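# Whatever this is, show me its structure:
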Amino acid sequence: MRIRNLLLSAAIALIVTDARADDAWHGPGWYVMAYQLAVIIWSGPYDSRQACDAARPPDNDPEGFTFDCTYLDTEPSG
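Numbers count the residues shown, from 1 in each chain. Next comes the predicted model:
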(Lines give C-alpha, C1' and ligand atoms only; values in the text may rest on other atoms or scores of the structure.)
Protein backbone atom coordinates (compact mmCIF):
# COMPACT_ATOMS: atom_id res chain seq x y z
CA MET A 1 0.00 0.00 0.00
CA ARG A 2 2.86 2.40 0.77
CA ILE A 3 4.44 1.80 -2.63
CA ARG A 4 1.10 2.41 -4.33
CA ASN A 5 0.70 5.72 -2.48
CA LEU A 6 4.27 6.70 -3.33
CA LEU A 7 3.72 5.95 -7.02
CA LEU A 8 0.45 7.89 -7.01
CA SER A 9 2.18 10.86 -5.38
CA ALA A 10 4.97 10.71 -7.95
CA ALA A 11 2.47 10.63 -10.81
CA ILE A 12 0.62 13.63 -9.37
CA ALA A 13 3.91 15.50 -8.99
CA LEU A 14 4.81 14.84 -12.63
CA ILE A 15 1.39 15.91 -13.86
CA VAL A 16 1.45 19.09 -11.79
CA THR A 17 5.03 19.80 -12.87
CA ASP A 18 4.02 19.55 -16.53
CA ALA A 19 0.93 21.68 -15.95
CA ARG A 20 2.96 24.34 -14.13
CA ALA A 21 5.80 24.48 -16.68
CA ASP A 22 4.72 27.97 -17.78
CA ASP A 23 5.23 29.19 -14.20
CA ALA A 24 8.95 28.55 -14.09
CA TRP A 25 11.78 31.04 -13.72
CA HIS A 26 11.00 34.55 -15.01
CA GLY A 27 13.79 36.52 -13.36
CA PRO A 28 14.62 37.56 -9.78
CA GLY A 29 11.77 37.90 -7.31
CA TRP A 30 9.62 36.10 -4.77
CA TYR A 31 8.25 32.74 -5.93
CA VAL A 32 5.66 30.39 -4.47
CA MET A 33 7.47 27.07 -4.19
CA ALA A 34 5.61 23.75 -3.98
CA TYR A 35 7.12 20.85 -2.08
CA GLN A 36 6.23 17.21 -2.43
CA LEU A 37 8.64 14.70 -3.95
CA ALA A 38 10.40 17.57 -5.70
CA VAL A 39 10.59 21.33 -5.38
CA ILE A 40 8.50 23.09 -8.03
CA ILE A 41 8.20 26.78 -8.85
CA TRP A 42 4.44 27.19 -8.52
CA SER A 43 4.05 30.87 -9.43
CA GLY A 44 5.89 34.15 -9.50
CA PRO A 45 7.85 36.27 -9.46
CA TYR A 46 6.21 38.69 -7.03
CA ASP A 47 7.59 42.08 -6.01
CA SER A 48 7.34 41.43 -2.27
CA ARG A 49 7.05 38.65 0.28
CA GLN A 50 3.57 39.93 1.15
CA ALA A 51 2.38 39.61 -2.46
CA CYS A 52 3.87 36.11 -2.65
CA ASP A 53 2.19 35.07 0.61
CA ALA A 54 -1.16 36.35 -0.72
CA ALA A 55 -0.76 34.15 -3.83
CA ARG A 56 0.31 31.04 -1.89
CA PRO A 57 -2.30 28.24 -2.00
CA PRO A 58 -3.27 26.46 1.19
CA ASP A 59 -1.12 23.46 2.11
CA ASN A 60 -2.48 20.11 0.94
CA ASP A 61 -4.26 21.68 -2.08
CA PRO A 62 -3.50 19.68 -4.21
CA GLU A 63 -3.19 16.80 -1.78
CA GLY A 64 0.31 16.13 -0.48
CA PHE A 65 1.76 19.53 -1.41
CA THR A 66 3.06 22.20 0.94
CA PHE A 67 3.89 25.74 -0.15
CA ASP A 68 6.31 28.46 0.87
CA CYS A 69 7.59 31.75 -0.52
CA THR A 70 11.25 31.99 -1.44
CA TYR A 71 13.30 34.80 -2.97
CA LEU A 72 15.22 33.55 -5.99
CA ASP A 73 17.89 35.79 -7.47
CA THR A 74 19.28 33.17 -9.86
CA GLU A 75 17.59 30.52 -11.96
CA PRO A 76 17.43 27.23 -10.06
CA SER A 77 19.26 24.35 -11.67
CA GLY A 78 17.08 21.44 -12.32
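# For residue 39, give me its contacts.
33, 76 (CB atoms under 8 Å, 6 or more residues apart in numbering). C-beta: built from backbone N, CA, C; applies to glycine.
# Which pLDDT value goes with the residue lying closest to residue 25 once chain neighbours are set aside?
Setting aside the residues directly before and after it, residue 25 is nearest to residue 75 in space (CB to CB, 6 or more residues apart in numbering), at 4.4 Å. On pLDDT, residue 75 comes in at 88.
# Hmm, residue 29 and residue 75 touching each other?
No - the criterion here is CB atoms under 8 Å, and residue 75 misses it with residue 29 at 11.7 Å.
# Which one's more surrounded, these two?
Each of residue 75 and residue 29 has its neighbours counted (other CB atoms under 10 Å); residue 29 has more, 16 against 12.
# thinking the more buried one is in contact with residue 51, fair?
No - under the criterion of CB under 8 Å, residue 29 makes no contact with residue 51, lying 9.3 Å away.
# which residues sit against stretch 43-61?
Residues contacting stretch 43-61 (CB under 8 Å, 6+ apart): 20, 23, 26-32, 42, 65-69, 71-72.
# Start from the N-terminal end of the protein and give the helices.
Along the chain, the stretches classed as helices by DSSP state H are 2-19, 49-55.
# Which of these comes out lowest on mean pLDDT?
Among the helices of the chain, helix 2-19 has the lowest mean pLDDT, at a mean of 44.
# What's the separation between residue 64 and residue 26?
26 Å (CB to CB, to the nearest Å).
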